[in-house]
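[1] Predicted model and sequence follow; I will ask about them next.
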Amino acid sequence: MPALIDRDTHESTVQIRVWVDEHDWLHSVFRSPRNTAPRFRLGDLLSASITIALRDAERQKSLVSYLDEEFSTRDQRTERRTVHVWQAQFDLLQTAHRASWNAAPNPMFDLDHLATACVVIARRQPDALNELLSQARNNFIARRPVEGRRVLLS
C-alpha cells in the first residue's frame, strides 16, 4: 500500500456560497481547455477571484462600486451554489466584510455577496481567463510548504 504524502494533509478550506450566474462562469473556466496542468477546481478559481478583486485599492473601489450600483439592484432571491475556498482567501473576504464601507451606517453586504462580487470583478479584468488561471497558480504555489511536497512512495 502506498505511503501517505504531504499533499494528503492541507490547509483548511471554508464553505461559502456564490450566486448561480457567477458560479456558472467559474464552472466554464473549470471546463476551459486552458485550465490544465494542474487543473484548478472551483474552489481554486473562486479563491483566485477573491485575490484578484481584493489585491489593491483600485480593484477594491471597483468592488464597492459594483456592490453599490449594480449588485444591490439584482434579485436577492437568486439561487446560490456552495464552493470551498482556501482559508487565506476567506480571511481576505472577512477583512473586506469588516471594512468601514461595509459597516454602519452603510448597508451591509454578506460574505456571499462579496464572494459573488469578487467573481464579477475578476471576470471584468482584461484577459480575465488568463489572469484567473495565473492567480490560481500563484495561490497554489503560495500554499506549498517550503520544503516542497514529497512524492508518492509505493
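    That came through, no problem.

[2] tell me the secondary structure for Arg81?
    Secondary structure, DSSP: H, G, I helix; E, B strand; the rest coil: Arg81 is strand.

[3] next one: His84
    Secondary structure, three-state DSSP: His84 is strand.

[4] before we move on, what about Asn35?
    Applying three-state DSSP: Asn35 is coil.

[5] Same check on the one 10 residues further on?
    For Leu45, the secondary-structure state derived from three-state DSSP is helix.

[6] Can you report how many residues lie near it?
    Leu45 has 28 neighbours, counted by other C-beta atoms under 10 Å. C-betas here are computed from N, CA, C, even on glycine.

[7] give me every residue that touches it.
    Leu45 is in contact with Leu26, Val29, Phe30, Leu132, Ala136, counting by C-beta atoms under 8 Å, 6 or more residues apart in numbering.

[8] What distance do you get for Arg144 to Ala104?
    Separation of Arg144 from Ala104 (C-beta to C-beta, to the nearest Å): 40 Å.

[9] oh sorry, the question was meant for Ala96
    Using C-beta to C-beta, one gets 16 Å for the distance from Ala96 to Ala104.

[10] More neighbours: the two, which one.
    Neighbours were counted for Ala96 and for Ala104 using other C-beta under 10 Å; Ala96 has more, 22 against 7.

[11] Now name the helix or strand holding that one.
    Following DSSP states H and E, one finds Ala96 within helix 87-97.

[12] Can you give me the buried ones in that helix?
    Neighbour-count burial for helix 87-97 flags Gln89, Phe90, Leu92, Leu93, Ala96, His97 (criterion: 16 or more other C-beta atoms under 10 Å).

[13] how about the helices in this structure?
    Remark: helices assigned in the chain by DSSP state H are 20-31, 42-54, 57-69, 87-97, 111-123, 128-143.

[14] Against which helices or strands is the shortest one packed?
    Here helix 87-97 is seen to pack against strand 13-19, helix 42-54, helix 111-123, helix 128-143 when contacts are counted using 3 or more C-beta pairs under 8 Å, 6 or more residues apart in numbering; DSSP states H and E.

[15] wait, what's in contact with Glu22?
    Thr116, Val119, Val120, Arg123.
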